[in-house]
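S.K.: Sequence first, predicted coordinates after that:
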Amino acid sequence: MKHQQKILILDFGSQYTQLIARRIRESKVYSEIHPSTYPISKIKESLPQGIILSGGPMSVYDEGAPNISKEIFELGVPVLGICYGLQLIASHYDGRVEQAQNREYGKVHLEISNSDLLLDGVENNSIVWMSHGDLITRLPSGFIVTANTENTPVCSISNSDKNIYGLQFHPEVAHTRQGMKIINNFLFKICKCKPDWTPENFIHSTVEEVKTKIGNKKAICALSGGVDSSVAAILISKAIGDNLICIHVDTGLMRKNESEKIIKMFEANYKLNVTSINASELFLSKLKNIIDPEIKRKIIGNTFIEVFEKEAGKYKDIEFLIQGTLYPDVIESVTVKGASSTIKTHHNVGGLPEKMNLKLIEPFRELFKDEVRMIGYELGLPEIFIKRHPFPGPGLAVRVLGEITEERLEILREADEIFIDELHADNIYDKIWQAFAVLLPVQSVGVMGDSRTYENVLALRAVTSTDGMTADWYRFDNSFLEKVSNRIIRNVRGVNRVVYDISSKPPSTIEWE
Ligand code: XMP
């Protein structure tokens, strides 16, 4: 997508780099992350309104520490260095960076000695968040110190002639009380950005661009019913109408009545060209006797492609495939990507474009999940739909542990529905990242009436998280757990015991398989 204005963030490996990008976008300015090795020629080409050098785990004096070309400072574009970025600026301008005697981690108070545009309006003594063991012991030439903390004499510097600024602390983290003020000062007072990165503008420019790209040709998309694919389909159909063919594959691994609900919601609200295929028998027959979670995922991924390809084959002249890929999957970040992808191969329809010789269109390649939700709101998707918890591609297959049968899926669906229903009834659904039931391949003894039972154990899982990479178990009131457990055992045949999962991620994962 084309943008008038952007802030370029060069990533030196900080765990907060994505957060910087998100904060900037919250202020309605578009921002992009690139590795610190991004060539200077590309930086010039992209005409950024400002450049941010991120933090990073190394020390600038380490052998092999990442660096940048000094040309960056001579482009006439404002630069802000954060933590490692500040130290890099110092090392380029004859400053000295050394290991601190008294390291400062966490919350400290900022003492402003010389307010500049960057710190304009920031209260003296406000709390900022530090996270590095190095500090500047000789001021870079041409710079002045604008603030210090108890143990960091050079905590913020500026060179207003060259428009170069540096902060030792992290304005992007929520613990830095006036971090947004500082970021906004950089964006609007220093870089003179316009706040025009809004859902309406995004929708408008994407629709125009897709119209030009696809023209009168046809595109296809897999409509899973998840937020990303749904919002993508609605957006693209705004541009090409009926030439977008949406295929919904009911794998038989969805929650109770889910496929029907999704199709109904689209029929009621949008004029999408949707074909729904019930392939549950095929999926279940292929999954018969399969226990290994990775083999389950592989079978589901391949079967999905098989079904989708067959259906798509019925249409002529399809040239494009629409996918709801998000920015975090695209960023070529210095930080190691989430370990979960190597622990579990996440199912997606990645093999499709090459196999079917389709050109890929990914309208959300530059968006974070919350931005896609905003686009969804703007396109009129119901709130209850947008706020749904994430659901894994392989669906209930990874929540029926062990062998998957229709009967076991049915038990899980009933129990899961009760759990989710109670979360809504108590108004806690939105406080939780993901909640679901898991059917264990374990039977236990119980007593119902005067008879002995020997039936399934069901686990409940509910976690809080911000991105699914780490998670903590949700602390329910005991009375809530009691209510859900009783309702499930009374109403779901085949379950005589309910347990609650109190593991965090890591070391556990969110799903059980
Ligand atoms: P884990 O279980 O790895 O899950 O902690 C992290 C997030 O990813 C979802 N998940 C998947 N999503 N295909 C998906 O599309 C998968 O195979 C898959 N496995 C896990 C999980 O629901 C959670 O939101």
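M.R.: Here it is on my side, so go on.
S.K.: neighbours around the closest residue to the ligand within the stretch 1-150 of the chain, how many?
M.R.: Proximity of the stretch 1-150 of the chain to the ligand (C-beta to the nearest ligand atom) peaks at Gln18, 16.5 Å away. Backbone N, C-alpha and C define where each C-beta goes, glycine included. Using other C-beta atoms under 10 Å, Gln18 has 21 other residues around it.
S.K.: Just the buried residues of the strand or helix carrying Val97, please?
M.R.: Assigned by DSSP states H and E, Val97 belongs to strand 96-109. Residues of strand 96-109 classed as buried: 97, 100, 104, 108 (neighbour count, 16 or more other C-beta atoms under 10 Å).
S.K.: By mean pLDDT, point me to the weakest helix or strand of this protein.
M.R.: Across the helices and strands of the chain, mean pLDDT, DSSP states H and E gives its lowest value to helix 340-343, namely a mean of 45.
S.K.: pLDDT-wise, what's the bottom of the buried residues of strand 96-109?
M.R.: Within these, pLDDT reaches its minimum at Glu104, with 81.
S.K.: Could you give the bridge partners of that residue?
M.R.: His132 (DSSP bridges).
S.K.: all helices of the stretch 401-513 of the chain, in order?
M.R.: Assigned by DSSP state H, counting those that start in this stretch, the stretch 401-513 of the chain shows helices spanning 406-425, 478-491.
S.K.: Quick check: what element follows the least confident helix or strand of the chain along the chain?
M.R.: Once helix 340-343 ends, the next helix or strand along the chain (criterion: DSSP H and E) is helix 352-355.
S.K.: average model confidence for that next one?
M.R.: Rounded mean pLDDT across helix 352-355 is 73.
S.K.: likewise stretch 22-35?
M.R.: Mean pLDDT, computed over stretch 22-35, is 95.
S.K.: what does stretch 171-188 give?
M.R.: Stretch 171-188 comes out with an average pLDDT of 96.
S.K.: What of stretch 452-470?
M.R.: Stretch 452-470 shows an average pLDDT of 93 in the prediction.
S.K.: ditto for stretch 477-484
M.R.: pLDDT averaged over stretch 477-484 gives 98.
S.K.: going forward can the numbers begin at 52, since that is how I track them
M.R.: Understood, numbering begins at 52; the last thing we discussed is stretch 528-535.
S.K.: ok, now which ones touch the residue of the stretch 152-301 of the chain found nearest the ligand?
M.R.: Nearest to the ligand in the stretch 152-301 of the chain, going by C-beta to the nearest ligand atom, is Gly277, at a distance of 8.3 Å. By C-beta atoms under 8 Å, 6 or more residues apart in numbering, Gly277 lies in contact with 375, 441-442.
S.K.: One more: Met231?
M.R.: Taking C-beta under 8 Å, 6+ apart as the criterion, Met231 is in contact with 74, 77-78, 222.
S.K.: hey, what's Asn210 bridged with?
M.R.: With beta bridges defined as DSSP bridges, Asn210 has these partners: Ile215.
S.K.: Am I right that it is in contact with Leu190?
M.R.: No - at 10.5 Å, Asn210 does not count as touching Leu190 under the criterion of C-beta atoms under 8 Å.
S.K.: And for Ser495, the neighbour number?
M.R.: The local packing of Ser495 (other C-beta under 10 Å) involves 14 other residues.
S.K.: name the helices or strands packed onto the host helix or strand of Phe436?
M.R.: Assessed by DSSP H and E, Phe436 sits inside helix 434-437. Counting by 3 or more C-beta pairs under 8 Å, 6 or more residues apart in numbering; DSSP states H and E, the packing neighbours recorded for helix 434-437 are helix 278-291, helix 420-429.
S.K.: after the longest one, next one along is what?
M.R.: Proceeding N to C from helix 278-291, the next assigned helix or strand is strand 295-301, under DSSP H and E.
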